[in-house]
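> predicted coordinates and the sequence they were generated for:
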Amino acid sequence: MCKNGTQNGLNVHGFDVLASGGDSRGDCSAATLPAVPTWHQTVPHPGRRGGRSGGGGGGNGGSVTLSGSSSRPVQPIKPLLDLSGGAAAAAGGSSLPMPLHPVFDQAAPRNVSSLTDSAAYLHCLVHNLGNKSVSWIRQRDLHILTVGRYTYTTDQRFEVIHSPDSQDWILKISYAQVRDSGVYECQVSTKPVKSYQVYLNVFAPQASIVGAPDMHVDKGSTINLTCVVAHGPEPPAYIFWYHNGEVVNYESSRGGITVVTERGNTTRAYLLIQDARPSDTGNYTCMPSNTEFTSLTVHVLNGETPAAMQTNGVAGLANPYNFRKLITTSSSILVLLPLLLTLLTMALTGESASSQGVARSVGS
């Protein structure tokens, strides 16, 4: 948006607005931004249901006037500070004196979590704003996202939501992605600039198998694999199990194979294989519909223990601890070898000298 010059007419999110001024240099600094256009959209009050109203919003007969085009209104946060002054005094209460400069309200959460493909809302409450403007800045690249009620980024997922009778300036990020995680600054155009930082953490769906990467079971016992799918906006539509690259056939002639799925905020899929046999050894993969797959290797033991497992006939090296112990011992021998050679040389030299002395004595 900032790369354009003077713009007399704009269509933003389906609203026809007028803008004046502009910056032909394409600089998005607050000092050279064009005049901020305003538009309004009346939506049902999110806390108004069945004749009851929620707290923290405006009192417009069951509706609140929000700036922007949010298709999913969000409730403004109720401030912690009471700077109403006269209203509080008239009610017989007490309030803080009205400051002479903008003040941030600590009611706005400084840490916000969201799931991928969901909307993330960052709040910024400012009292006594006066003629100053509120901007949202992405800290990692210092990109100006919004100024006032206007959006200054080509990424249409960003927009600001504000009610004229509220101190809350809400940055909405639609379809949030993991790359959106980071620090966002709410800035007020004072001198020097005042800022309020909010950290956004966007979680992506993740799958894991309990006990990975290896599981050892005895022959004849039951193999119990649990695949956990977390941080998803909704449960996966399906979860497939694979054994050595082939889909597990629950109705095979082998029998004894059962799958149980518990869906919820965290989904768990259980693969139960009764009467484990050597042919059940191998790689098992859990593949949910909404995230990357995860794998585990099952070893069916025929009476031996995992520590006794050997490869290529080399006993003990299958155990990483034994291998590290062998390396440590070899290193110690190499360090002491020069000293041993020196002592051996000195001993041989001394023995030779003694022999020569004895020979001279006998000759005389």
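Yes, it's here.
> strands paired with the lengthiest strand in the chain, and their directions?
Ranked by residue count, the top strand of the chain under DSSP state E comes out as strand 194-203. If you go by DSSP bridges, strand 194-203 pairs up with strand 111-115 (parallel), strand 182-188 (antiparallel).
> give me the buried positions along the first one.
This means strand 111-115. By neighbour count on 16 or more other C-beta atoms under 10 Å, the buried set for strand 111-115 is 112, 114, 115. All C-beta atoms are positioned from the backbone trio N, CA, C, and that covers glycine.
> closest to residue 142 among these?
Residue 142 lies nearest to residue 112 out of the buried residues of strand 111-115, by C-beta to C-beta, at 20.0 Å.
> hmm, the closest one is touching residue 121, no?
Yes: in this structure residue 112 lies within contact range of residue 121 using C-beta atoms under 8 Å: 7.3 Å.
> on that earlier part again, closest one to residue 153 among the strands paired with strand 194-203?
Evaluated over the strands paired with strand 194-203, closeness to residue 153 peaks at strand 182-188, with 12.3 Å, by C-beta to C-beta.
> what residues sit buried inside that closest one?
By neighbour count on 16+ other C-beta under 10 Å, the buried set for strand 182-188 is 184, 185, 186, 187, 188.
> one more: stretch 115-129?
Under the neighbour-count criterion of 16+ other C-beta under 10 Å, stretch 115-129 has 115-117, 119-127, 129 buried.
> closest one to residue 230 out of those residues, please.
Nearest to residue 230, judged by C-beta to C-beta, of the buried residues of stretch 115-129 is residue 115 at 10.1 Å.
> so who does the closest one touch?
For residue 115, the contacting residues are 176, 202, 203, 205, 231, 232, 233, by C-beta atoms under 8 Å, 6 or more residues apart in numbering.
> excluding chain neighbours, what is closest to the fifth one?
Closest residue to residue 231 in three dimensions, ignoring its sequence neighbours and counting by C-beta to C-beta, 6 or more residues apart in numbering: residue 203, at 3.9 Å.
> just list whatever residues bridge to the one you found.
Bridge pairing for residue 203 - DSSP bridges - gives residue 115.
> can you give me the helices in the chain?
Secondary structure of the chain (DSSP state H): helices at 86-90, 320-363.
> comparing the ones you listed, which yields the minimum mean pLDDT?
Sorting those by mean pLDDT places helix 86-90 lowest, at a mean of 46.
> with respect to residue 336, which of the buried residues of stretch 115-129 is nearest?
Nearest to residue 336, judged by C-beta to C-beta, of these is residue 116 at 57.6 Å.
> right, and that closest one touches residue 203 too?
Yes: with contacts counted by C-beta under 8 Å, residue 116 reaches residue 203, the gap being 7.0 Å.
> list residues touching both of these two?
Here residue 116 and residue 203 have 178, 231 as joint contacts, going by C-beta under 8 Å, 6+ apart.
> so, low pLDDT: which residues of the protein?
Within the chain, the ranges that satisfy pLDDT under 70 run 1-73, 83-99, 305-335, 350-364.
> break it into its domains for me.
The chain breaks down by automatic domain parsing into domains covering 9-203, 206-303.
> if we can go back for a sec, so who does the residue nearest to residue 231 touch?
Residue 203 neighbours (C-beta under 8 Å, 6+ apart): 113, 114, 115, 116, 178, 231.
> so what's the residue count around the fifth one?
Translated: residue 178. Per other C-beta atoms under 10 Å, the neighbour tally for residue 178 reads 10.
> how close does it sit to residue 220?
Counting by C-beta to C-beta, to the nearest Å, the separation of residue 178 from residue 220 is 44 Å.
> same check, this time on the first one
Distance, residue 113 to residue 220, using C-beta to C-beta: 45 Å.
> okay, how far is it across stretch 167-185, tip to tip?
Length of stretch 167-185, first residue to last, C-alpha to C-alpha, to the nearest Å: 16 Å.
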